[in-house]
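> Give me a 3D structure for the following:
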Amino acid sequence: MGIWLRGALRTYESAVRYPPNQTFIGNLSPEALSTVPRPWHDDATVSVGSDTPAAGPFGEIVPQSLFYALLAQANVLQPPLIALQQGAAERLNRQLACHPVLGRLAGSNPTTAGVDIAAEVEAGLALALQDGERLEGCVRGDRRAEGLGDANLDPYTLLEALCSKASGAVALMITGIPVPRTARISVL
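Reported below is the predicted structural model:
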């Protein structure tokens, strides 16, 4: 990742405090948002509060690591589009299990034993899923016979689709829309 991009990244806490995000999850009305001084991205000028909740009536801002676990759950293809390092899969699964609503999805994050994820990323065959400098896993394109050569099944496009699927499932579960107890993200 470029140095200029790395310098522009926000912390999770900063993303939670970001007023438009609070409006999106329902903790701040659009009218109240219009009274918050700008620039909104400057933590020094925005005082939504350091104890700002990550969950609201319309959804939740989940930490990146938890979202990686949800992405792995959203994948249904074999071979998997999301590959997690062995240690990362176990750690992320523990984090997911602790979540009061999403914890029921824990238990089966796929790992890729014997596969060098770093080599796949380095060769340009996959996109890295990182936490800071630590490689947690990767997103691959569709490697099935029916997916080869289809530009719409590259890692970038599939990551976007999996993000939509995982975040939609989070919104359904957080807002209390009935989802069968046995349903996983792959069923939604």
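
> Leaving out the residues flanking it, which one is nearest to the residue nearest the centre of the chain?
Residue closest to the average C-alpha location in the chain (CA atoms, centre = their mean): F67, at 2.9 Å. Spatial nearest neighbour of F67, chain neighbours left out: A166 (6.7 Å); criterion: CB to CB, 6 or more residues apart in numbering. Where you see a C-beta, it was placed from the backbone N, CA and C, and this is true even at glycine.

> Would you enumerate the residues in contact with the one you found?
Contacts for A166 (CB atoms under 8 Å, 6 or more residues apart in numbering) come out as F67, L70, L71, Q73, A74, I185.

> Ramachandran angles for it?
Phi and psi for A166, reported as degrees, to the nearest 10, are phi -70, psi -40.

> Got the confidence number for it?
You'll see A166 listed with a pLDDT of 89.

> cool, and V179?
Per-residue pLDDT puts V179 at 62.

> cool, and L92?
In this prediction, L92 has a pLDDT value of 89.

> what residues go with each domain of this protein?
Here the domain parsing of the chain from automatic domain parsing is 3-59, 62-187.

> Please identify the most buried of those.
domain 62-187 (a mean of 16; mean count of other CB atoms under 10 Å).

> for this protein, which spans come out with low pLDDT?
For the chain, the stretches flagged by pLDDT under 70 are 1-5, 43-50, 108-114, 178-188.

> Give me the outermost residue of it relative to its centroid.
Most peripheral residue of the chain (CA atoms, centre = their mean): T35, 29.9 Å.

> Look at it and give its secondary structure.
The three-state label given to T35 by DSSP: H, G, I helix; E, B strand; the rest coil is coil.

> Look up how far P19 lies from it.
Distance from T35 to P19, counting by CB to CB, to the nearest Å: 10 Å.

> now swap in R91 and tell me
Distance of R91 to P19, computed by CB to CB: 31 Å.

> Please apply the same query to V139.
V139 sits 30 Å away from P19 when distances are taken as CB to CB.

> Please apply the same query to N93.
33 Å.

> Then T52?
To P19, T52 is 9 Å away according to CB to CB.

> Show me where this structure has its strands.
Secondary structure of the chain by DSSP state E: the strands cover 55-56, 59-60, 82-84, 126-131, 134-140.

> what packs against the fourth one?
Using 3 or more CB pairs under 8 Å, 6 or more residues apart in numbering; DSSP states H and E as the contact criterion, the elements in contact with strand 126-131 are helix 64-74, strand 82-84, helix 117-122, strand 134-140, helix 155-174.
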